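Visitor: Predicted coordinates and the sequence they were generated for:
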Amino acid sequence: MVLCLPVLAGAEMVTERYQHGRFEVENTLEQKSPSCNDTKDRRCFKFVCATIYGGVFTPPPVPPKAPSAKLKQTGNAPRHFILINYQSKELMYYRKDLVNNRYQPIVGYAVVTPAPSEIRRFGREEIRGEVTRIVYHPKWCVVPGGDIQRDDPSLRGCYEWGHPSNPMGDWKFDIDWEIRGIEYSRIHGTAGYPRDIRRSDTYGCTSFDNGAIAELVRKLGGDLAVEEGIEVITFVEEIPTPPVVTDIISRPVRPTGMLVGD
């Protein structure tokens, strides 16, 4: 799966690898200074991008959470069912088979999510919502006085798709959540993974590679899926083994363009 952004040719790079649940992650790091070259000292390097192996997968046959019996928008059980595990960093899509009335696993992706504490701060282990719109090339508007503007006061107003300050990527899912306080939490695309998947420094959204989210939209069927009902559940479920970080590989690599995974 291609999840690494281009880096400057000739830059001194090293890689580190670790296992996170089902995913094998390879981070590319850039040396900050020629004088700081201890490959065992993480402070000598800054994160560039990640390549995730196994980042597209088939979800388990039985969904880890059950869908709701009825959605507000349709009055029926959801035809489409998206589960996002904030701990394992997995998004799983299931679709209801109208013949046998069972939910079938369609596809899963590695995603960047908020921390599990973003769910638990509401005294919950899961939060449910319904997709209200799927938007192509979305505009992004800064919430006045919100966390993003507090961190970067220069951001204000709205930014069209393609603007460097617009983080939405190629697609955006608007979601009507069952609780207040997370109204601006969305699913959206991004240009690769410009952060370590273990980090949870998002402002509440779930994001993943533009190519992968475009594939998800195709599998859903676009706007028709919204009419049929798409339920989203964010939840926390521990992964079988904690992520283990390997030593930084001591031999530098010199990327010449896009780093590619499978």
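Guide: Arrived safely.

Visitor: My read is that R156 contacts V142, right?
Guide: Yes. With contact defined as Cβ atoms under 8 Å, R156 and V142 form a contacting pair (5.6 Å). (C-beta placed from N, C-alpha, C; glycine too.)

Visitor: Rounded mean pLDDT for the helix ranked longest in the chain, please.
Guide: If you go by DSSP state H, the chain has its longest helix at helix 210-220. Averaged across helix 210-220, the pLDDT comes to 95.

Visitor: buried set for it?
Guide: 210-213, 216-217, 220 (16 or more other Cβ atoms under 10 Å).

Visitor: Common neighbours of R156 and V142, please.
Guide: Common contact partners of R156 and V142 (Cβ atoms under 8 Å, 6 or more residues apart in numbering): Q149.

Visitor: Between the two, point out the one with more neighbours.
Guide: V142 (16 against 12; other Cβ atoms under 10 Å).

Visitor: Skipping its backbone neighbours, what lies nearest the more buried one in space?
Guide: For V142, ignoring the flanking residues on the chain, the nearest one in space by Cβ to Cβ, 6 or more residues apart in numbering is L155 at 4.8 Å.

Visitor: That neighbour: neighbour count?
Guide: The number of residues near L155, taken as other Cβ under 10 Å, comes to 15.

Visitor: Y184 looks like it's in a strand, true?
Guide: No. The assignment for Y184, made by DSSP: H, G, I helix; E, B strand; the rest coil, is coil rather than a strand.

Visitor: Next, count neighbours for the closest residue to Y53 other than its chain neighbours.
Guide: Excluding the flanking residues, the one nearest Y53 by Cβ to Cβ, 6+ apart is E24, at 4.3 Å. Counted by other Cβ under 10 Å, the residues lying close to E24 total 15.

Visitor: distance between the helix or strand where E24 lies and the chain's centre?
Guide: Secondary structure assigned from DSSP states H and E places E24 in strand 23-31. When C-alpha coordinates are averaged (Cα atoms, centre = their mean, to the nearest Å), strand 23-31 and its chain have centres 17 Å apart.

Visitor: What is it packed up against?
Guide: The elements that strand 23-31 packs onto, with contact taken as 3 or more Cβ pairs under 8 Å, 6 or more residues apart in numbering; DSSP states H and E, are strand 13-20, strand 45-53.

Visitor: Format the CA atom coordinates belonging to that strand as CSV.
Guide: Coordinates of each C-alpha in strand 23-31 appear next as CSV, following Å, rounded to 0.1, in the frame of the first residue of the first chain:
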residue,chain,number,x,y,z
PHE,A,23,0.1,-4.1,10.3
GLU,A,24,3.9,-4.0,9.7
VAL,A,25,4.9,-0.4,9.7
GLU,A,26,8.1,1.1,8.2
ASN,A,27,8.8,4.7,9.1
THR,A,28,11.2,6.8,7.2
LEU,A,29,13.2,9.2,9.3
GLU,A,30,15.5,12.1,8.3
GLN,A,31,18.7,12.9,10.1
